[in-house]
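Novice: Dropping a prediction and its sequence here:
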Amino acid sequence: MSPSAGFAGRSEGDWMRRAKNCSSLHPMTSALKDTGARFEMVEQGLTSFADYRRAGDRVIIDHVESPPALRGTGASGRLMEALSADIHSRGLKITPVCGYAAAWLRKSAAYRGLLD
């Protein structure tokens, strides 16, 4: 299946909308921001982030973190969903170094296929 083809029965447009506007997933959540070395999402004025680096067609996720006030709210999971949708839309794979990212991806039926 080509990167532009559907993934898990959804069109690329569906994934792009979810990646760019995750506020539909949780109130008070900003859109995903990619700084080139970090994915970020702001909820309730607090920033959750995932540090990463590129290696060819892989995105290596080194660390995922949410501020203490957001822990247990699903903020890191929403971040992982948004960044996974973004990475999928680019036709890339994910190599998680971070234990949380690895566990989240293994449990995700929609994004498990991104694991490299």
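Specialist: Okay, I see it. Given the structure is predicted, the values throughout are model-derived calculations rather than measurements.

Novice: quick one: contacts for Trp104?
Specialist: Contacts here follow CB atoms under 8 Å, 6 or more residues apart in numbering; on that basis Trp104 touches 64, 76-77, 80. In short, each C-beta sits where N, CA and C put it, glycine included.

Novice: Using just helix, strand and coil, how would you label it?
Specialist: Following DSSP: H, G, I helix; E, B strand; the rest coil, Trp104 is assigned to helix.

Novice: ok, back up a step: please tell me which one of the contacts of Trp104 counts the most neighbours.
Specialist: Greatest neighbour count in the contacts of Trp104, by other CB atoms under 10 Å, goes to Met80: 27 neighbours.

Novice: so is it in a helix, a strand, or just coil?
Specialist: Going by three-state DSSP: Met80 is helix.

Novice: what number of residues lie near His63?
Specialist: By other CB under 10 Å, neighbour count at His63 equals 14.

Novice: Now do the contacts for it.
Specialist: Contact partners of His63, counting by CB under 8 Å, 6+ apart, are 50-51, 97-98.

Novice: Pretty sure it sits in a helix.
Specialist: No: counting by three-state DSSP, His63 is located in no helix; its state is strand.

Novice: what about the most centrally placed residue in the chain, which helix or strand?
Specialist: A centroid search over the chain (CA atoms, centre = their mean) returns Leu83, at 2.1 Å, as the residue closest to the centre. Element membership for Leu83, per DSSP states H and E: helix 75-89.

Novice: Now the following helix or strand past that helix: average pLDDT?
Specialist: Helices and strands here follow DSSP H and E; after helix 75-89, the next one along the chain is strand 93-96. The pLDDT scores in strand 93-96 average 98.

Novice: ok so, going back, for the helix holding Leu83, what is the distance to the chain centroid?
Specialist: Put simply, helix 75-89 sits 2 Å off its chain's centre (CA atoms, centre = their mean, to the nearest Å).

Novice: Now do that helix: which elements does it pack against?
Specialist: Contact partners of helix 75-89 among helices and strands, from 3 or more CB pairs under 8 Å, 6 or more residues apart in numbering; DSSP states H and E: helix 12-20, strand 38-43, strand 46-55, strand 58-65, strand 93-96, helix 99-107.
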